[in-house]
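In: have a look at this fold, sequence not included:
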């Protein structure tokens, strides 16, 4: 077994085991912390595959932004309302059935697709290429999305301000 194979299986296990805890945990705080390890494992797998941009984006956006927002929401809700955050409406049989159907669908799709296999390529940074494309060939769509996000942000502030004033 090569070192790359060992690390792949290690990171895959460090991704799948916490994901199972996320799905089956009744405590939302435990589920959120398990989600931290799941998303970290996905970022490690991206880095192992040489997708450095995706790995950093995974860390910054999902772990740094969304997961921290979820954790603050869970912790503040428990403190303010003195409510124990649990998943009370949890139906294990229905979840297991849906999980088996999704797994069977993904497994069947993965087995039926002819995956091209070629010689391994040398890992090279991808961020410079993505940056060059965003600032040359895709500059107009990049700027349009930037302006659209700015308009959405201003709209959210205005809607939130009106609700506070009323």
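Out: Arrived safely. Note that the coordinates shown come from a computational prediction; the quantities given were computed from them, not determined experimentally.
In: off-centre distance for the lengthiest helix in the chain?
Out: Ranked by residue count, the top helix of the chain under DSSP state H comes out as helix 139-165. Averaged C-alpha coordinates place helix 139-165 at 23 Å from its chain's average position (CA atoms, centre = their mean, to the nearest Å).
In: could I get the contacting residues of residue 34?
Out: For residue 34, the residues meeting the contact criterion (CB atoms under 8 Å, 6 or more residues apart in numbering) are 18, 19, 21, 22, 25. Using the backbone N, CA and C atoms, a C-beta is placed for each residue, glycine as well.
In: among those residues, who's most crowded?
Out: Comparing those by number of neighbours (other CB atoms under 10 Å), residue 18 comes first, having 22 neighbours.
In: out of the contacts of residue 34, which are inside helices?
Out: Of the positions in those, 18, 19, 21, 22 sit in helices, assigned by DSSP H.
In: farthest-separated two in these?
Out: With distances taken as CB to CB, the most widely separated pair in the ones in helices among the contacts of residue 34 is 19 and 21, at 7.2 Å.
In: just say helix, strand or coil for the closest residue to residue 50 other than its chain neighbours.
Out: Once flanking residues are discounted, residue 50 sits nearest to residue 123: 3.9 Å by CB to CB, 6 or more residues apart in numbering. For residue 123, the assignment made with DSSP: H, G, I helix; E, B strand; the rest coil gives coil.
In: flag the least confident of the ones in helices among the contacts of residue 34.
Out: Summarising pLDDT for the ones in helices among the contacts of residue 34: the lowest-scoring member is residue 22, with 87.
In: who touches it in this structure?
Out: Contacts of residue 22 were listed using CB under 8 Å, 6+ apart, and they are 31, 34, 35, 38.
In: most neighbours, which of these?
Out: residue 38 leads the contacts of residue 22 on contacts (other CB under 10 Å) with 24 neighbours.
In: so when I look at that one, I'm seeing a helix, right?
Out: Yes. Using three-state DSSP, the secondary structure at residue 38 is a helix.
In: residues contacting it?
Out: Taking CB under 8 Å, 6+ apart as the test, what residue 38 contacts is 15, 18, 19, 22.
In: can you pull out the helices in this protein?
Out: Taking DSSP H as the test, the helices found in the chain are 3-24, 28-48, 52-57, 68-81, 92-112, 127-134, 139-165.
In: what is the fifth one packed up against?
Out: This points to helix 92-112. In terms of contacts (3 or more CB pairs under 8 Å, 6 or more residues apart in numbering; DSSP states H and E), helix 92-112 is packed against helix 3-24.
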